[in-house]
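Chemist: Fold the following.
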Amino acid sequence: MHWSRRCSLLICLALALCTTAAAQISYPWISEDSSGRATVAQEDGDTLDIASPDGLTLWLDSCLRGTYTVSFRAQVLTGCDSCRLSDLNCFWAARDPEHPDDFFARSAWRQGWFDRYNTLCLFYVGFGGNENTTTRFRRYHGDRYGKDDPRVKPLLQEYTDPDHLLRPSHWHEVCIHVGHDSTTYSVDGRQLFAHELKPGEGDGYFALRLWRNHIRVAGFRVTKDY
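Modeler: Numbers count the residues shown, from 1 in each chain. As a prediction, this is how the structure comes out:
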């Protein structure tokens, strides 16, 4: 089963909003695909195989509010023409300041082009970006679109050592937590980044952000804290 750009991906896998009663509710994804040729295939119940010839953003079609945790396992594939060990990236707490009540109002315009996400307010981690030479944490400020990068999306922290980059064939366990006053990003049980939050600043949309690579994602889960 395959899908392409700007369509809802009605995927019934282990994508769940977990309440105290452990209820599981499946949600669709919204695809913004600059190539128009990206594919998403469901495998083995809870695994997605995602191939992106160019820029691809897969938004979880649910605004996350309050305190919550997003977790999943991801493997960046190598050894094929469409494979590239780079760019296992994420957006979270994303909001569109020009359309506060309709986040997807400009979805067709964004269409997976990376610079157009400068219009949003969000947190971003580029895990293994720049041909797997950097892992970067940025804060985007959508009210400054068109300005220089240090103002639009200031770099908060960066790693360049191999210990903080992607590993071939490894299933990376990614965990993003939004608490009452801070957000954190961890890989394989180790916290890489943290940032303080103002009230409501962690509310918004989550996305996988990929570029010219082929990945597998398994066990995607959103846990809502009450």
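Chemist: partners of residue 39 in the sheet?
Modeler: Listed by DSSP bridges, the beta-bridge partners for residue 39 are residue 51.
Chemist: Which pLDDT value does the model give it?
Modeler: pLDDT for residue 39: 95.
Chemist: And for residue 130, the neighbour number?
Modeler: The number of residues packed near residue 130 is 12, by other Cβ atoms under 10 Å. Every residue, glycine included, has its C-beta placed from N, CA and C.
Chemist: That one is in contact with residue 86, isn't it?
Modeler: Yes: Residue 130 is in contact with residue 86 according to Cβ atoms under 8 Å; the separation is 7.3 Å.
Chemist: Which stretches in this protein count as strands?
Modeler: Using DSSP state E, the strands of the chain run over 8-9, 17-18, 29-33, 39-43, 47-60, 67-76, 88-95, 121-128, 134-140, 155-159, 172-178, 182-187, 190-196, 205-225.
Chemist: Quickly, which of the ones you listed bottoms out on average pLDDT?
Modeler: strand 17-18 (a mean of 34).
Chemist: still on that earlier bit, so which of the strands of the chain comes closest to residue 104?
Modeler: strand 29-33 (6.3 Å; Cβ to Cβ).
Chemist: doesn't residue 215 make contact with residue 74?
Modeler: Yes: using Cβ under 8 Å, residue 74 is in contact with residue 215, at 5.7 Å.
Chemist: joint contacts of those two?
Modeler: Listed contacts common to residue 74 and residue 215 are residue 88; contacts here mean Cβ atoms under 8 Å, 6 or more residues apart in numbering.
Chemist: of those two, who's got more company?
Modeler: Each of residue 74 and residue 215 has its neighbours counted (other Cβ under 10 Å); residue 74 has more, 24 against 21.
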